[in-house]
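Peer 1: attaching a predicted model along with its sequence, questions to come.
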Amino acid sequence: MTDSNNNPLINLLKKRLNLLTYTFLDENKYNQTYFQHAGLTNVDVRSYQLHGIRWLIERYEAGHGAILSDEMGLGKTLQTIGFLLYVCKVKKQTPCIVISPLSVLQNWTTELSKFASGLKVQIFTGAKDERNELAETIKKSTFDILLTTYEYILKDTSFFQSINWKVLLIDEAHRIKNSQSCLHTTLKTLDVPCRILLTGTPIQNNLSELYSLLSFCAPNIFRPKQHEDFVEYFRAINTDEDCKKTLIDLLKPFVLRRLKRDVLIDLPNKTELMIFHDLSKVQKDLYKAILTKNRSIFGTSEAASRTSLVNIMMQLRKAIGHPYLFPGIEPEPFEIGEHLVEASGKLHILDHLLTHLYKKKHKVLLFSQFTSVLDILQDYLTYREIYKYERLDGSVRSEERFLAINNFNVNDDTFIFLLSTKAGGVGLNLVAADTVIFYDSDFNPQNDLQAADRCHRIGQKRPVRIIRLVCQNSFEEVILRRAEVKLKLSKSIMENGELASGLNTTIETKTQLQDVLKIGIDKLLDETEQMDYAKIDFNTILGKTDKNGHWLDIEETKKNQNEDEQSQLNVVNDDDMYLFEGINYRDAAQKPDIDFFDRLILNDEKTNTKSTESSNQRTSERPQRRQMTEEEKLTRAEKSRETKARRKQEIEEEEQKRKERHRARLQQLWASKNYNSSRVSLSDDEDENIDETVQTDNEDDTSGETKLHYVFGNVMKPQLHGEKCAISVHCVDDSGRWPSKGVFASISQRSKEPENQYTLAYDMKDIHMGDTHLISLNDCVVDDDEPSCDQYMALIVAQHNNKFDFTALNSALRSLAEAAKQFKATVHLPRIGVGSQGFNWYGTEKLIKKYLSSRGISTYIYYFKRNDGTANNKRLHEQSYNNSKRSSSILDKTNSISQLKVHLPNYLAGVHIFFHDIDDTTKKRLQRFVYAFDGEINETTNVKTTTHILALGDCKDVLALQDVCPNARVINIEWLDACISHGKKINTDIYEL
């Protein structure tokens, strides 16, 4: 037994605690009426929330910070608003700063406006020039609260350091759990007397993270230099009762945590369960290929590093998710169809599950770790057509996030919300949903818990189901089981006064990883067995639904089932994370798995080494066939042609019938809604003759009719020279969402009709890639000295998932050309794709010339002159303008600009980067910058060339990576963002992991 009385660290901590003086507030005085007088409005505060406000005030008056660690969904935001009212209005101590993720910044704005309208709130966001101007304004003004995000703290540190903050409040504070991270060290430079941390998950991996949070909010008690001693002492918490009690006593003054089951008696139950699936034939082949291709890593050689095994695990996760995540797997032609569903066992069972949930009137949150998976799920939902959905991931802008959340919560017919676990897992309120599905699970279970609590929180009136889709007999099962230990660690420390062991929940050695990857493959890759998802009884697995679309509690469901049915039910109560259908988890691969793996590798080696020999042998042993006569060959060839022709005709006829059925359904829908399509149809004559009217693209051609006119101005205010008709053009995507900035804002300011027609067309299933929709703007009036004209808005659908499709753009421009010819109109386009990395403007310019200007249609390309834009934006627009082939004679001399020769800086010269465990979307975004600024990308680690290994801040593979590349620096990926932001190579010291 450890004697805490003889431990110098514990004695020192207790001595510091004894010096603290607390003034405990009278609950009869500091009640709801008291805080209403302070400015709290529009809310009935629950008793536990009033206790939380008083507790925060007591910590503030004692001179230190605290961690408010209530379970997700208990109203931490409301409690802190009550606390901030006390500080700002009662104590007259201002200003205070609130730092949150971007995804919840709008929520903070809304909540402060609703519950504390008397507080003066500033919001610090925007482009660099906007922030510089805002910073000067803020320094001269008087305010109570400033709202900002983590990113701006890193970008504008000097500004935040210049203000004497009274309270620093960090929402989702587990972001600073790593005391060596750039964000943590930067925030520590702010000299603030009271630091309040909000997090529903104070422990995600180990006690070291908890100490990082404690030392941040109470640095005079928990000194950073005693970090290692603290963790070392409490390693024995599982077996040492004195150790347990000591830690509980140390935490009580600094951490407050309440559970929903204890304080929200009226909150409906949450039931967690798992649904298993297997792999499709394509996935099994892919799974085998990944293992056999990398068979060297399963040996004892140097190649078998832990890092290599982790990379293989990530590849296998992708294979389990969907094979189309790998290039070259999807069959050509790349047309969406049932093959998208059948190619993945996980998507196949999800398809059946969503059908069941939709019929029962449930609303669903569907989470995935990867935006590339969300892209596939979005394609699937588009293909199925009947499901209305919203989507939110890290690429969605703040105002669009708010609209997506509002649409899902308000509209009953929006069935499903696609979310990335990280972007959609914090701070959102989505109580309209009653079902959460994890397409793939985070190996840190706290992230999944946070995501699930987006709907299981205050305001939820219905029971909630949390469903995980897990590949049976795969390493997914094993990893999730190990992750359960992390949850138990957090629960034991923060709940019930009990403590768990500080078990290391990561897989430390390459031998352990090799074992994990082999577990279950004997059954997983069995070609003779395949699940029949159509026979699954979801009522038995998930529980029944009442007539109002509400889940029935599991106990109520059981009352109506016999013992056999109850034995099939797969339910997890609040005390357990998982209950697996009789599946016993194994910590090591068993003999059948090892034997199967060895056979798999052996067969592959034999195939590779003897393929030529076997081929020759088969050729020599094959019996001689009778030679066909020439007449027989001709007869066979003729029959083959006839069969192919007949099959082709049958396919074409079936496709034509399908199109006719689809067209009939659309016509019926349009008639019922009194809808008239604005889509431009390409006539048969135009379709046949369009190329005959197009002139040869000649660089030396200077005729007025083939010339594109480049002008500065607003495309919605077309420059006219006596024309009677003008068509303004803009590109839209096929999502049905109308953005609120840029050209879209200008269009809406001119007329709401394009937005209304576009959203209506989407609802009527009349938006397709390559379409052109022509909308009349009836009230067009030009300058006084110009005659009036007929103005139209052409929306060309040429984007999917925010990416331009060149083929769709080609089709849309053909339709636009016919409309312009018919109306004898001039065409006015913004400079398409400006600011989009890698956009092919050269090819786009060729298409515009081919279909418009070369056919005698006066065509104008508009560059918007941004007087208040950033220097980078100005340079980008000027560079784009000057790169156009010829300036227009119509361009006024006062608008002309000097030719610029822009040289990109080369501050990443000599830098060779390897991305470790970074998602594909982030990697693609950053790769462009690396290449642009003379850096290099290493697809694998290279001892000789790799200089920088970029990983996430909570990376657990730092030591393994350093072993692989001892000369490379292992640093937080935030370093590269900082370099790009500052336009120079930043010192890596504070970013090293």
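Peer 2: Noted; the coordinates are in hand.
Peer 1: contacts, neighbours, all on C-alpha from now
Peer 2: Will do.
Peer 1: ok, the longest strand anywhere in the chain: who's next to it in the sheet?
Peer 2: Ordering each strand of the chain by length in residues (DSSP state E) puts strand 790-800 first. Here strand 790-800 is paired, per DSSP bridges, with strand 725-733 (parallel), strand 772-777 (antiparallel), strand 803-804 (antiparallel).
Peer 1: for T371, find the nearest of those.
Peer 2: For T371, the closest of the strands paired with strand 790-800 is strand 803-804, at 13.8 Å, according to CA to CA.
Peer 1: if we can go back for a sec, export only the CA atoms of the longest strand of the chain, formatted as CSV.
Peer 2: The C-alpha trace of strand 790-800 is given here as CSV (Å, rounded to 0.1, in the frame of the first residue of the first chain):
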residue,chain,number,x,y,z
ASP,A,790,-34.6,41.7,-70.9
GLN,A,791,-32.3,40.1,-68.3
TYR,A,792,-32.1,36.4,-67.5
MET,A,793,-30.1,34.4,-64.9
ALA,A,794,-28.6,31.2,-66.2
LEU,A,795,-27.6,28.7,-63.5
ILE,A,796,-25.3,26.0,-64.9
VAL,A,797,-25.0,22.8,-62.8
ALA,A,798,-21.3,21.9,-63.0
GLN,A,799,-20.2,21.1,-59.5
HIS,A,800,-20.6,18.0,-57.3
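Peer 1: hang on, the earlier thing: any chance of the strands paired with strand 790-800 in TSV, plus mean pLDDT?
Peer 2: Shown next, in TSV, are those (pLDDT from 0 to 100):
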stretch	mean pLDDT
strand 725-733	92
strand 772-777	92
strand 803-804	80
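Peer 1: quick one: those as CSV, columns for distance to G63 and mean neighbour count too.
Peer 2: Putting the strands paired with strand 790-800 into CSV (distance: least, CA to CA, whole Å; neighbours: other CA atoms under 10 Å) gives the following:
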stretch, distance to G63, mean neighbour count
strand 725-733, 54, 23
strand 772-777, 63, 22
strand 803-804, 52, 16
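Peer 1: output those as CSV; include the columns distance to T94.
Peer 2: As requested, those are exported to CSV (distance: least, CA to CA, whole Å):
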stretch, distance to T94
strand 725-733, 46
strand 772-777, 51
strand 803-804, 46
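Peer 1: so which of those strands is nearest L210?
Peer 2: Set against L210 and scored by CA to CA, these come closest in strand 803-804, at 41.8 Å.
Peer 1: picking up where we left off before, what is the mean pLDDT for the longest strand of the chain?
Peer 2: Regarding strand 790-800, the rounded mean pLDDT is 91.
Peer 1: how about residues contacting it?
Peer 2: 724-735, 754, 767-778, 780, 804-806, 808-809, 812-813, 816 (CA atoms under 8 Å, 6 or more residues apart in numbering).
Peer 1: let's go with 6 Å and repeat that
Peer 2: 725-734, 769-777, 780, 804-805, 808-809, 812 (CA atoms under 6 Å, 6 or more residues apart in numbering).
Peer 1: follow-up on the earlier one: so for R59, which of the strands paired with strand 790-800 sits nearest?
Peer 2: Nearest of these (CA to CA): strand 803-804, 50.5 Å.
Peer 1: how far off centre is that closest one?
Peer 2: For strand 803-804, the separation from the chain centroid amounts to 18 Å (computed by CA atoms, centre = their mean, to the nearest Å).
Peer 1: next one: stretch 49-56
Peer 2: Centroid displacement of stretch 49-56 relative to its chain, using CA atoms, centre = their mean, is 34 Å.
Peer 1: follow-up on the earlier one: out of the strands paired with strand 790-800, which gets nearest to A66?
Peer 2: Nearest of those (CA to CA): strand 803-804, 45.0 Å.
Peer 1: ok, H982 to L154 distance?
Peer 2: Plainly put, H982 is 11 Å away from L154 if you go by CA to CA, to the nearest Å.
Peer 1: more neighbours: which of the two?
Peer 2: Counted by other CA atoms under 10 Å, H982 and L154 do not tie: L154 has more neighbours, with 16 against 11.
Peer 1: secondary structure class for the more buried one?
Peer 2: helix (DSSP: H, G, I helix; E, B strand; the rest coil).
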